[in-house]
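# Any chance you could fold what I've pasted below:
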Amino acid sequence: MDTTFAKYKISKTKIIGMVGMNPSSYYRVPSLGRKGNKPSEFTFHKSEGLVNQDTVVESIKDILGHEFIDCGYRLMNSYLQRDGYIINHKKLYRIMKENGMLKLENRIKRSGSGRKFVKFRKVNTSRPLECLEMDIKIVWIPSVGKNAYLLSIIDVHTRTILKDYFAFSIKQDKVIAFLSDLFLDLQYPESVVIRSDNGSQFIANDVREYLGLIGVQQEFTHVATPEENAHIEAYHGILKKEVFERVDYRTFGEIEQILKRYVIFYNNTRLHGLLGRITPMEKWNQDKHLILTKKLTA
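Numbers count the residues shown, from 1 in each chain. Model prediction:
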């Protein structure tokens, strides 16, 4: 542009107009970097004063490290404000983006991380105790106006309900005791896989460590895919249809006794169409010779 002006003595304004350029585009000086002010390196905390970005990142990691928290930058802004930070959501977005915390797969691993998810939606078994499924069903107790919980575990091959546990609260220590009693009764079978959903009782580190110690593999269903745990889900659906929608009960003790009787009926009397119209226990007795058990030593 300057050469043309010097050679032909034409004003810059005319040349800019001839080529159809906006004058502001020609005279603008490139910023050679990020637009606007340089981002602040410090953030104010109500009790600690100004803290650097590394401190903010560690606080974000602590929040994402909670067993049940997995959020984006807007909700994270609220968590940080509760912790005493005064931080703009745009600044928080930049910090989380720079540290790879915006994408779900890149967020901080939590206690439930490292889970092995099921590979195949449909389970094909060749023997009893090859694949088990467990789940918890909520049961309303009218007399006390609150829920109780039924933990059931089914053998996929025979559809036998191996064990259940009914209580007002089921935490990870109860799950461990439940599984310990089960596998002791079964003489610790080999090559067992247990499927479950991602309930907090099942993904707990202590539960996973216990199953690893006794050599039981654990698989978890993907989110919103009850069909991957179809057999125990079907059993709990049958309970709803054949027990909870038909039986009038009021107290915990009443429904507890009903459930105990129903498991005996289900395993020993109720014919199962997919088993060839035999009972689960008949199928178990047909194939129990295929079970592999560990040699127990004193």
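
# Could I have the CA atoms of the strand or helix carrying G212 written out in CSV?
Using DSSP states H and E, G212 sits within helix 205-213. Provided in CSV are the C-alpha atoms of helix 205-213 (Å, rounded to 0.1, in the frame of the first residue of the first chain):
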residue,chain,number,x,y,z
ASN,A,205,-13.5,-49.8,47.1
ASP,A,206,-13.8,-52.2,50.0
VAL,A,207,-16.3,-54.3,48.1
ARG,A,208,-14.2,-54.4,45.0
GLU,A,209,-11.0,-55.2,47.0
TYR,A,210,-12.8,-58.1,48.8
LEU,A,211,-14.0,-59.7,45.6
GLY,A,212,-10.5,-59.3,44.1
LEU,A,213,-9.0,-61.1,47.2
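
# and that helix, how far from the chain's centre?
Remark: helix 205-213 is offset 17 Å from the chain centroid, using C-alpha atoms, centre = their mean, to the nearest Å.

# Which of the residues in it are classified as buried?
Neighbour counts over helix 205-213 (16 or more other C-beta atoms under 10 Å) mark 207-208, 210-211 as buried. Every residue, glycine included, has its C-beta placed from N, CA and C.

# With respect to H289, which of those residues is nearest?
Each of these was checked against H289 using C-beta to C-beta; the closest is L211, at 25.6 Å.

# ok, now which ones touch the closest one?
Residues near L211 by C-beta atoms under 8 Å, 6 or more residues apart in numbering: 179, 194, 217-218.

# Then Y85?
For Y85, the contact set (C-beta under 8 Å, 6+ apart) comprises 43-46, 56, 59.

# One more: R208?
R208 neighbours (C-beta under 8 Å, 6+ apart): Q218.

# distance of it from F178?
15 Å (C-beta to C-beta, to the nearest Å).

# after the longest helix along the chain comes which helix or strand?
Assignment by DSSP state H gives helix 252-268 as the longest helix of the chain. Proceeding N to C from helix 252-268, the next assigned helix or strand is helix 280-287, under DSSP H and E.

# which secondary structure elements does that next one contact?
Applying 3 or more C-beta pairs under 8 Å, 6 or more residues apart in numbering; DSSP states H and E, one finds that helix 280-287 contacts strand 160-167, helix 252-268.

# rerun that using 10 Å as the cut-off
Here helix 280-287 touches strand 146-155, strand 160-167, helix 252-268, going by 3 or more C-beta pairs under 10 Å, 6 or more residues apart in numbering; DSSP states H and E.

# can you put these in TSV and add mean neighbour count?
Shown next, in TSV, are these (neighbours: other C-beta atoms under 10 Å):
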stretch	mean neighbour count
strand 146-155	19
strand 160-167	19
helix 252-268	15
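
# closest one to G276 among the ones you listed?
strand 160-167 (14.8 Å).

# what's the following helix or strand after the closest one?
Next along the chain after strand 160-167, taking DSSP H and E as the criterion, comes helix 172-185.

# can you tell me the average pLDDT over that next one?
For helix 172-185, mean pLDDT is 94.

# Tell me what angle that helix forms with strand 160-167.
Taking axes from the mean of the first three to the mean of the last three C-alpha atoms, to 10 degrees, one finds that helix 172-185 is oriented at 150 degrees with respect to strand 160-167.

# Mind listing residues that contact the helix or strand that comes right after helix 172-185?
Per DSSP H and E, helix 172-185 leads on to strand 193-196 as the next helix or strand towards the C-terminus. Contacts with strand 193-196, where a contact means C-beta atoms under 10 Å, 6 or more residues apart in numbering, come from 116-118, 123, 125, 129-136, 153-154, 156, 175, 179, 182, 202-203, 207, 211, 216-221, 228-232.

# ok, for I154, nearest residue in space, not its chain neighbours?
I232 (4.9 Å; C-beta to C-beta, 6 or more residues apart in numbering).

# Count the neighbours of the one you found for me.
Residues near I232, counting by other C-beta atoms under 10 Å, number 24.

# and what of I60?
When neighbours are defined as other C-beta under 10 Å, I60 has 22 of them.

# Please dump the buried residues of helix 205-213 into CSV; it should also carry pLDDT for every row.
CSV is the format used below for those (pLDDT from 0 to 100):
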residue, pLDDT
V207, 94
R208, 92
Y210, 93
L211, 92
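
# Make JSON lines from those and add distance to Y266 to it.
Below are those laid out as JSON lines (distance: C-beta to C-beta, whole Å):
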{"residue": "V207", "distance to Y266": "26"}
{"residue": "R208", "distance to Y266": "29"}
{"residue": "Y210", "distance to Y266": "28"}
{"residue": "L211", "distance to Y266": "26"}
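
# by how many degrees do the longest helix of the chain and strand 146-155 diverge?
Using the same axes, to 10 degrees: helix 252-268 against strand 146-155 is 20 degrees.
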